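**Student:** need coordinates for the below:
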Amino acid sequence: MRAVFVAFAGSVSLSVAYEDVSGFDGARGVLEKNCVECHTPEEAKGGLNMSTANDFRETGDSGGALVAGKAVESGVYKRVILAVDDDERMPPKKHGEPLSEVDIAILKKWIDTGAEWPEGEILTPTAETALPRWDAPVDPEIISIEAFPKEIRLETKGDFHRVIVIARMKDSSTHDITHLAKLSLADEKFAGLRGNLLVPREDGETSLKIIYRGLEQKVLVQVKDAKKDRPISFQLDVMPVITAAGCNTGSCHGAARGQDGFHLTLYGFDPKGDHFRLTEEMMGRRINLAIPEESLLVTKATGEVPHTGGKLFKKGSPFHTTLVKWIRGGAKFDEGEIAQPTGIEVLPKQVVVAGKEVEVPFTVLAKYSDGTDRDVTTLSTFSTSNENSVGIGANTGLAVSGERGEAFLLGRFHTFTEGSQAIVVPADSDYEKVEREPFNYVDELVSAKLDKLQIIPSGLASDEVFLRRAFLDVIGLPPTLEEREKFIGDGRPDKRARLIDELLERPEFTEMWVMKWAELLQIRTVRNGPNEVSYKAALKYYEWLRERIDSNMPFNELVVELLSAKGGTFENPATNFYQLENDTLKLTENVAQVFMGTRIQCAQCHNHPFDRWTMDDYYQFSAFFAQVKRKRAEDPRERVIFDNNGEMKHPVTKKDMIPKFLGGEIPEIQKDQTRRESVAKWLASPENPWFAKNVVNIIWDQYMGVGIVDPVDDVRVSNPPSNPELLEALAGKFVEYDYDFQAIIRDICNSRTYQLSTETNATNENDDRNFSKAMIRRVRAEVLLDTISQVTETSEKYKGLPKGARAVQIADGNTSNYFLRTFGRASRATVCSCEVKMEPNLSQALHLINGDTVHQRIKQGKVVQAMLQEGGSTEEIIDTLYLKAFSRKPTDGEKVKLLEVAGEVTEAKARRETLEDIFWALLNSKEFIFNH
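**Tutor:** As a prediction, the model looks like this:
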């Protein structure tokens with residue numbers, strides 16, 4: 001029904017798609033579809049603004065655009081009836097076809113009968129892709145309508161809120177129906193409605209009723225202090241204007257040295273300093289108290305005076321009015337304590353758009369410390385992570401769809417940045433959801449996202465592929481021939497789950513995760529004066545970590561013990577965490593990055609430009625670690641970690657910073673509690689929203705090849721999770737499981753998502769973030785070397801370990817060899833996840849081909865020679881080599897080619913060398929080096 005209706009509307013004009021097209025509604029349909037786009041307050045071509053009745057009648061360079069009762073004297077009517085080839089005809093040729101006779105008749109009748117215009121109605125452009133109006137027939141494809149914000153509070157006389165309404169369809173797509181729905185107030189005594197803009201009238205409470213094609217929703221509207229003026233605030237009004245106009249960005253006056261002799265702090269992290277620079281640094285030049293309109297701050301922004309940054313806004317605009325009003329009031333800084341923003345919401349949080357050139361508006365709601373809120377859409381700046389899929393007006397918040405894909409739309413106000421997810425799918429897709437039984441909650445949430453993207457996941461991997469993948473991922477070794485035979489021969493339906501359980505109980509599983517966390521905790525020897533960590537200390541630290549992971553200690557308890565540790569680095573090895581980094585600021589950054597997955601380094605010098613963190617956040621969090629002290633022990637190789645007096649000063653205000661949880665509250669630190677103990681308890685608790693998410697994201701990345709947030713230690717608003725619901729669910733389960741590491745791994749590995757094939761289909765071949773297929777991943781350095789050792793039946797000797805130990809067991813980050821360095825083993829010099837290099841390169845290929853690692857091990861292990869001595873046939877030996885390297889037998893095609901080569905050789909030595917060459921080729925193949 002909806003498709004038929006839209007096609008009909010597109011062929012004969014939207015306005016005639018209804019039975020009642022007379023009066024204002026009929027004219028509105030014609031104007032919004034064909035004219036208003038070029039005559040908005042922002043565009044106003046020819047000086048004409050069609051948004052409101054007064055604007056329509058009074059603006060326009062030629063005058064008389066709308067003369068009520070006289071269509072033949074109205075400019076808008078005279079222009080639409082001009083000859084098609086007339087350059088003055090409207091709409092212009094480049095905008096489409098002339099108005100139809102029906103549309104012209106509707107417009108003429110409306111004007112001739114008085115151009116009725118109901119109070120508060122505002123005309124807005126209607127896109128070609130828009131749905132029908134509110135009074136069109138009921139559409140069963142629409143499952144709900146939703147308004148944003150959910151509740152509206154109007155405080156003070158000048159407050160306002162814009163309402164956005166979207167329709168959600170059965171195919172998961174969303175449509176903006178803000179100006180297509182019917183909006184009405186239950187009692188207009190308390191509030192006024194101008195289009196989709198609500199303004200206060202009297203204190204009280206009413207409701208906004210929204211009707212669209214048989215669906216209805218109500219929004220509570222509360223009005224307070226409706227007659228009270230709110231004075232212009234420098235911090236709450238002027239600074240947001242300066243930020244929204246782009247004045248304090250890094251490319252303008254917010255640069256380190258400012259611009260054209262005028263310096264503002266980046267994104268306004270120091271309002272007091274900015275006020276001084278505006279009002280006192282060059283007294284009388286930037287601010288003109290006598291004639292506010294002529295202040296340089298104003299005239300440069302409006303383009304009246306030459307300005308390197310160009311014209312930023314118009315005279316009479318809200319930005320212009322705010323600045324002038326502030327200057328007229330004395331250009332004062334705020335007196336006393338004022339309500340500060342505590343956060344923002346960008347709404348709607350998610351949209352799915354079908355087709356190109358579909359417009360969706362976004363609104364930004366700011367919440368303040370006094371409990372009030374405010375519509376700050378016009379004071380916010382917007383950006384997109386993927387301009388190709390979704391663009392967004394930097395100052396308007398109006399998004400426009402492009403090519404199929406996904407984008408994260410960011411809104412910034414004050415020091416806050418939040419985002420919304422936008423998905424674009426083809427308009428005329430023949431996608432049909434493929435029903436597959438989910439193995440657990442992971443699959444349900446992954447499938448929900450894939451359905452929105454209209455992506456069909458790959459099928460399940462074969463038993464052979466799953467077996468090798470699980471072994472390499474969970475214990476860092478391929479299955480032996482015996483282990484493979486046991487699994488393949490197992491006929492039980494739950495054999496994959498049983499295998500996961502068995503692997504999680506093996507000591508090799510512990511070693512894999514000790515290696516992973518040893519990297520993040522930088523366990524290594526250091527010979528650097530005050531940072532010295534002896535080999536004994538590093539080894540004890542490693543053993544401390546191994547014991548706790550091996551016992552499956554709840555991970556939050558492990559972290560609390562680590563961050564609270566005090567005493568000698570031999571006596572209490574966890575204290576080495578503080579010995580490895582003596583710089584308090586760097587230590588703070590490491591804690592945030594390792595345990596919360598967030599990089600706060602940018603906030604050391606200014607408010608973070610792409611995240612929520614401010615300088616205050618940075619130094620208040622650092623204050624928890626300002627009292628960590630170090631001294632020598634009796635053994636010169638040992639250090640003692642303890643707490644004593646110490647404060648963290650803010651570099652701008654020079655004040656001692658009160659410890660405050662990052663993104664949380666100021667705690668009440670008990671007398672018998674150190675600051676570190678306080679922050680440790682909070683950090684590894686459900687009260688910290690980042691800890692559990694960070695840990696499960698690291699686990700997910702380990703088994704899926706890409707994090708839900710990627711990189712895993714770069715969690716920020718401008719790098720959001722690809723599947724927020726999945727990340728929330730995993731984190732919730734982690735807390736529910738009492739921070740049981742193994743339980744989350746079991747959930748992930750037992751999911752259909754983990755067990756998918758790497759083979760692609762037309763819908764998922766380019767997907768690398770939504771887990772619609774298994775990722776092909778290069779095996780990491782230590783695992784690859786251990787795998788080569790197992791397959792060739794050779795051993796290696798590493799410092800501090802017996803011969804035959806595995807590379808994943810190396811305790812010291814500074815213990816390495818050429819192979820491990822070439823294949824990207826982490827040196828553990830930093831906490832960055834990027835230290836582990838997984839990208840293949842030419843050096844790796846050359847080493848495998850020409851180096852000793854593969855060639856010499858084949859000779860030393862004598863695998864081929866032993867099979868020949870046991871009387872194995874060429875075919876049997878080739879089968880065995882494939883099973884050892886790939887956990888599968890060769891295909892018929894592979895076997896035929898190899899037997900042709902090997903079958904021509906009869907002399908014993910040459911036969912052995914030929915089979916060893918085949919073995920060498922297998923170990924140099926992509927299939928061996930990559931996990932799939």
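**Student:** any low-confidence regions in this structure?
**Tutor:** 1-22, 93-96, 120 (pLDDT under 70).
**Student:** can you pull up the most central residue in it?
**Tutor:** Using CA atoms, centre = their mean, the residue of the chain that lies closest to the mean C-alpha position is residue 720, 1.1 Å off.
**Student:** what's the distance between it and residue 450?
**Tutor:** Distance of residue 720 to residue 450, given as CB to CB, to the nearest Å: 18 Å. C-beta here means a position set from N, CA and C on the backbone, and glycine is covered the same way.
**Student:** and residue 492, what does it touch?
**Tutor:** Neighbouring residues of residue 492 by CB atoms under 8 Å, 6 or more residues apart in numbering: residue 498.
**Student:** and it, what element?
**Tutor:** Assigned by DSSP states H and E, residue 492 falls within no helix or strand.
**Student:** one more: the one 5 residues further on?
**Tutor:** Following DSSP H and E, one finds residue 497 within helix 495-504.
**Student:** what's in contact with that helix?
**Tutor:** 463, 466-467, 470-471, 474-475, 487, 490, 492, 509, 742, 745-746, 749-750, 755.
**Student:** next, the closest residue to residue 769 other than its chain neighbours: phi, psi?
**Tutor:** Residue nearest to residue 769 in three dimensions, not counting chain neighbours: residue 722, with 4.4 Å by CB to CB, 6 or more residues apart in numbering. Torsion angles at residue 722 (phi, psi; degrees, to the nearest 10) stand at phi -70, psi -30.
**Student:** look up how far residue 729 lies from residue 722.
**Tutor:** Counting by CB to CB, the gap from residue 722 to residue 729 is 14 Å.
**Student:** who has more neighbours, those two?
**Tutor:** Neighbours were tallied for residue 722 and for residue 729 using other CB atoms under 10 Å; the higher tally belongs to residue 722 (20 against 17).
**Student:** I figured residue 279 was touching residue 331, is that so?
**Tutor:** Yes: counting by CB atoms under 8 Å, residue 279 touches residue 331, with 5.3 Å between them.
**Student:** pull up the overlap in contacts between those two.
**Tutor:** Joint contacts of residue 279 and residue 331 (CB under 8 Å, 6+ apart) are residue 287.
**Student:** just the helices in the stretch 301-450 of the chain please.
**Tutor:** 318-328, 441-453 (DSSP state H, counting those that start in this stretch).
**Student:** now stretch 508-517: buried residues?
**Tutor:** Neighbour-count burial for stretch 508-517, with 16 or more other CB atoms under 10 Å as criterion, is recorded at 508, 509, 510, 511, 512, 513, 514, 515, 516, 517.
**Student:** quick one: what helix or strand has the first one in it?
**Tutor:** Yep, that's residue 508 we're talking about. helix 507-520.
**Student:** and that helix with helix 495-504, angle?
**Tutor:** Calculated by axes from the mean of the first three to the mean of the last three CA atoms, to 10 degrees, helix 507-520 forms an angle of 60 degrees with helix 495-504.
**Student:** now do the next helix or strand along the chain from helix 507-520: which elements does it pack against?
**Tutor:** Counting by DSSP H and E, the next helix or strand C-terminal to helix 507-520 is helix 535-550. Here helix 535-550 touches helix 507-520, helix 555-564, helix 576-579, going by 3 or more CB pairs under 8 Å, 6 or more residues apart in numbering; DSSP states H and E.
**Student:** just the C-alpha atoms of helix 535-550, please, in PDB.
**Tutor:** Taking Å, rounded to 0.1, in the frame of the first residue of the first chain, the C-alpha atoms of helix 535-550 are listed here in PDB:
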ATOM      1  CA  TYR A 535      64.600  -9.800  36.100                       C
ATOM      2  CA  LYS A 536      63.600 -11.300  39.500                       C
ATOM      3  CA  ALA A 537      61.000  -8.600  40.000                       C
ATOM      4  CA  ALA A 538      59.600  -9.100  36.500                       C
ATOM      5  CA  LEU A 539      59.500 -12.900  36.900                       C
ATOM      6  CA  LYS A 540      57.700 -12.600  40.200                       C
ATOM      7  CA  TYR A 541      55.200 -10.100  38.700                       C
ATOM      8  CA  TYR A 542      54.500 -12.600  35.800                       C
ATOM      9  CA  GLU A 543      54.000 -15.500  38.200                       C
ATOM     10  CA  TRP A 544      51.700 -13.400  40.400                       C
ATOM     11  CA  LEU A 545      49.500 -12.800  37.300                       C
ATOM     12  CA  ARG A 546      49.700 -16.400  36.100                       C
ATOM     13  CA  GLU A 547      48.600 -17.800  39.500                       C
ATOM     14  CA  ARG A 548      45.500 -15.500  39.500                       C
ATOM     15  CA  ILE A 549      44.400 -16.200  36.000                       C
ATOM     16  CA  ASP A 550      45.100 -19.900  36.400                       C
END
